[in-house]
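# I would like to see how this sequence folds:
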Amino acid sequence: MGLRYTTYLESTRHPWPNFLFLLPMVLVYELVVYYSEVACSTAIRNGADGWMRNLLQEYGISMYWVPPLLLLFFYAMQSFLRWWTRPCENLETLTGMILESGIFGMSLWLVAGIWNKGFLSSGMEPSQGISLAWVTYLGAGIYEEALFRLLALQMLFLIVPGKIFPSVPTAFIISSVLFALAHHWGTYGEPLNTGVFLFRALAGLYFCFIYMMRGFGIAVGTHVIYDFIVSV
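Modelled structure (predicted):
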């Protein structure tokens with residue numbers, strides 16, 4: 001069976017390019033983190049990745065490979081189910097996704113500069129070096145988008161009754177508020193600052209729109225690139 005022709009805008013929302021886009025980022029992040037924790041005894045997990053793994057550990061689950069495996073398996077299975085509709089211009093699609101991520105990340109950085117309340121989501125100290133910082137940016141982009149966009153939004157779409165409240169904007173708002181609150185939650189959470197909290201909530205809305213309109217991979221790429229730019 002021949003491959004169905006799809007436009008670039010359709011391709012970026014197909015699971016196969018998203019799987020190819022995510023795979024190297026997940027592998028690099030997990031391998032570097034594993035090496036740093038085993039060989040160097042340096043814990044660099046943070047953000048949603050740290051939250052999820054700490055929660056698993058509290059329940060006696062030490063299998064740190066579960067979150068990345070579930071994420072990759074989800075997109076691999078979706079790709080398999082939609083294999084005959086996959087785009088064939090993978091290189092062009094992936095290149096476009098990188099460029100779009102850069103444009104969206106730069107745009108958010110410009111807004112953060114105007115707002116003057118940009119945030120460093122990695123939580124890395126400058127002395128730890130840009131190489132380790134890059135790893136945390138990958139983790140934040142992958143797992144925060146997976147938790148607050150891929151998982152939370154889909155759950156909220158099922159929970160929010162569309163006949164009472166508009167389900168999409170309501171889900172966007174709830175997901176974005178949770179995204180902002182999560183940075184101030186728990187032992188390692190930041191002190192609550194109204195301006196920073198509001199900016200993060202608006203950034204969450206921004207990521208929601210990118211996820212819905214341009215796909216999960218571009219939302220992850222935007223998050224990663226923004227974190228890097230705002231921290232340089």
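
# Okay, and the most centrally placed residue in the chain sits in which element?
For the chain, the residue sitting closest to the mean C-alpha position, by CA atoms, centre = their mean, is E145 at 2.7 Å. Taking DSSP states H and E as the criterion, the element that holds E145 is helix 129-145.

# buried set for the longest helix along the chain?
Among the elements of the chain assigned as helix by DSSP state H, the one spanning the most residues is helix 90-115. Judged by neighbour count using 16 or more other CB atoms under 10 Å, the buried positions of helix 90-115 are 93-94, 96-97, 100-101, 104-105, 108-109, 111-112. (C-beta placed from N, C-alpha, C; glycine too.)

# Can you tell me which of those residues is closest to L20?
Nearest to L20 among the buried residues of helix 90-115 is L94, at 6.2 Å by CB to CB.

# The residue nearest to the centre of the chain contacts G221, doesn't it?
No. With the criterion set as CB atoms under 8 Å, E145 and G221 do not qualify as a contacting pair; they are 9.4 Å apart.

# what do the two both touch?
Contact criterion CB atoms under 8 Å, 6 or more residues apart in numbering; no residue bridges E145 and G221 by contacting each.

# Disregarding flanking residues, what is the spatial nearest neighbour of P161?
In this structure, P161 finds its nearest non-sequential neighbour in S167, 7.5 Å apart by CB to CB, 6 or more residues apart in numbering.

# residues contacting the one you found?
Applying CB under 8 Å, 6+ apart, the residues contacting S167 are 156-157, 160-161.

# Compare those residues and tell me which is most surrounded.
Neighbour counts for the contacts of S167 peak at L156, which has 18 neighbours (criterion: other CB atoms under 10 Å).

# quick one, phi/psi of that residue?
In terms of degrees, to the nearest 10, the main-chain angles of L156 are phi -70, psi -30.

# Spatially nearest residue to it, not counting backbone neighbours?
Nearest non-adjacent residue to L156, counting by CB to CB, 6+ apart: A171, 3.6 Å away.

# Give the buried residues for the host helix or strand of L9.
Using DSSP H and E, the element containing L9 is helix 8-11. Buried positions in helix 8-11, judged by neighbour count with 16+ other CB under 10 Å: S11.
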